[in-house]
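Undergrad: Next come a sequence and a model predicted from it.
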Amino acid sequence: MDTLLILAITTIVIVLIFEYTNGFHDAANIIATVIASRAMTPVQAVLLVAFFEFLGPLLGGTAVANTIGKFITLDDIDRVLALTIVLCGLLGAIAWNLLTWWNGIPSSSSHALVGGLAGVVMVAAGSNHVVWGFGDLLHGHLNGVAKVIVALILSPIIGFWIGFLLHKTMLALLRGAHPSINRDLRHLQYVTSAGLAFSHGANDAQKSMGILTLVLLIGGFIPTFEVPFWVMLACSLTIVLGILSGGWQIVRTLGFSIYKIRPLHALDSQMTAASVIFSSSLFGAPVSTTHVVASSIMGIGASERPKAVRWGKATEIVATWLITIPGAALMSICCYLLVQTFI
């Protein structure tokens, strides 16, 4: 078995490990409000989310996979080096995911992936091998890293204001309603949490689908960048396994540390996040579920009682967002330098 094949298989395994960490890291983002509002038990929430999460990558198209798989270009360098670069980028993203998960910090797997890959590509192959897209952005075209960053920046802002306006509207519609309405609001969360899980699968799992397809293309196993069905299936299964593992520290952060979640807050947050994430998937824009869910909770809290929002915790989360890309980049660069010492 030659070096290229061994490296390709290793990288594929690492992609699936990243998808697994993405699953248990982001599972908390999906089920936090469901559990905090007592709409479901943790077991019920995880099983429901796992089922619809599985369907997301299979039925949600491949627009996000195309965006992620094409923001770095490694077709003009040695295949072994190219696969090594992708491998180290993934290892950096995984290391960052594990570090933030261990500390209960709801950071972005999307940011970690982009930072990890872009960082190691710049060091190992040069910045010209990253499709930055900032020049095209000036002419109104979104592609490359610019498309990723614009989506990651705008999505939480949109999530905040949609959550703010939606909650204001729901409060007006339900003004004077009997407290028993909370039972119906809890039941409705079976639908909204399923929608959020589907949208998450349609967006997040596609990121690994894109990288896995890139690995196959670099290795010469497929002629063009087209996501095979088995790649969709493998990423779907892996992210579901990660979700079944859960990320309970982050549940506490999102579900209890930003704002006191009641059934209406949870319902509005789930509707907001699902709509923002799925709309982004249709446009091929990779977004962070962590960002969107957290910002929707902040928007909902701000629309009702701004002083009750724990802005200190929110500030900590925002600070983590800002350091994730450089942090993951640094870890991937360290992985690459370590690998180089053994070659």
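TA: Ah, there it is.
Undergrad: can you give me the helices for the stretch 51-200 of the chain?
TA: Per DSSP state H, counting those that start in this stretch, the stretch 51-200 of the chain carries helices over the ranges 63-69, 79-102, 109-124, 134-138, 144-173, 181-218.
Undergrad: what's the most buried one of the ones you listed?
TA: helix 109-124 (a mean of 26; mean count of other CB atoms under 10 Å). Bear in mind the C-beta positions are built from the backbone N, C-alpha and C, glycine included.
Undergrad: and the angle from it to helix 79-102?
TA: 140 degrees (axes from the mean of the first three to the mean of the last three CA atoms, to 10 degrees).
Undergrad: Just the CA coordinates for helix 109-124, please, in PDB.
TA: Output in PDB follows, covering the C-alpha atoms of helix 109-124 (Å, rounded to 0.1, in the frame of the first residue of the first chain):
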ATOM      1  CA  SER A 109     -16.900  24.200  14.700                       C
ATOM      2  CA  SER A 110     -17.200  26.100  11.400                       C
ATOM      3  CA  HIS A 111     -14.700  28.800  12.500                       C
ATOM      4  CA  ALA A 112     -12.400  26.000  13.800                       C
ATOM      5  CA  LEU A 113     -12.500  24.300  10.400                       C
ATOM      6  CA  VAL A 114     -11.900  27.400   8.400                       C
ATOM      7  CA  GLY A 115      -9.200  28.600  10.700                       C
ATOM      8  CA  GLY A 116      -7.400  25.200  10.800                       C
ATOM      9  CA  LEU A 117      -7.300  24.800   7.100                       C
ATOM     10  CA  ALA A 118      -6.500  28.400   6.100                       C
ATOM     11  CA  GLY A 119      -3.700  28.600   8.700                       C
ATOM     12  CA  VAL A 120      -1.900  25.500   7.600                       C
ATOM     13  CA  VAL A 121      -2.300  26.200   3.900                       C
ATOM     14  CA  MET A 122      -0.700  29.600   4.300                       C
ATOM     15  CA  VAL A 123       2.300  28.200   6.100                       C
ATOM     16  CA  ALA A 124       2.800  25.000   4.000                       C
END
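Undergrad: Tell me which other helices or strands it touches.
TA: When contacts are defined as 3 or more CB pairs under 8 Å, 6 or more residues apart in numbering; DSSP states H and E, helix 109-124 packs onto helix 3-36, helix 79-102, helix 144-173, helix 181-218, helix 311-341.
Undergrad: Can you check the pLDDT for Leu47?
TA: Note for Leu47: predicted pLDDT of 84.
Undergrad: no wait, Ile261
TA: For Ile261, the predicted pLDDT is 77.
Undergrad: Then Phe24?
TA: 74.
Undergrad: How many residues are close by it?
TA: 21 (other CB atoms under 10 Å).
Undergrad: same question, Phe342
TA: 5.
Undergrad: How about the contacts made by it?
TA: Phe342 makes no contacts at all, as judged by CB atoms under 8 Å, 6 or more residues apart in numbering.
Undergrad: again with Ala146
TA: 132-134, 136-137.
Undergrad: Just name the closest of those to Phe52, please.
TA: The closest of the contacts of Ala146 to Phe52 turns out to be Gly133 (CB to CB; 32.1 Å).
Undergrad: Got the phi and psi for the closest one?
TA: phi 80, psi 10 (degrees, to the nearest 10).
Undergrad: Might you report the residue contacts of it?
TA: Applying CB under 8 Å, 6+ apart, the residues contacting Gly133 are 71, 141-147.
Undergrad: What does the pLDDT read for the residue nearest to Ala95 when sequence neighbours are not counted?
TA: Of all residues not flanking Ala95 in the chain, Met331 sits nearest, at 4.6 Å (CB to CB, 6 or more residues apart in numbering). Here, the pLDDT recorded for Met331 equals 94.
Undergrad: quick one: Met331 from Thr100, how far?
TA: Here Met331 is placed at a distance of 11 Å from Thr100 (CB to CB, to the nearest Å).
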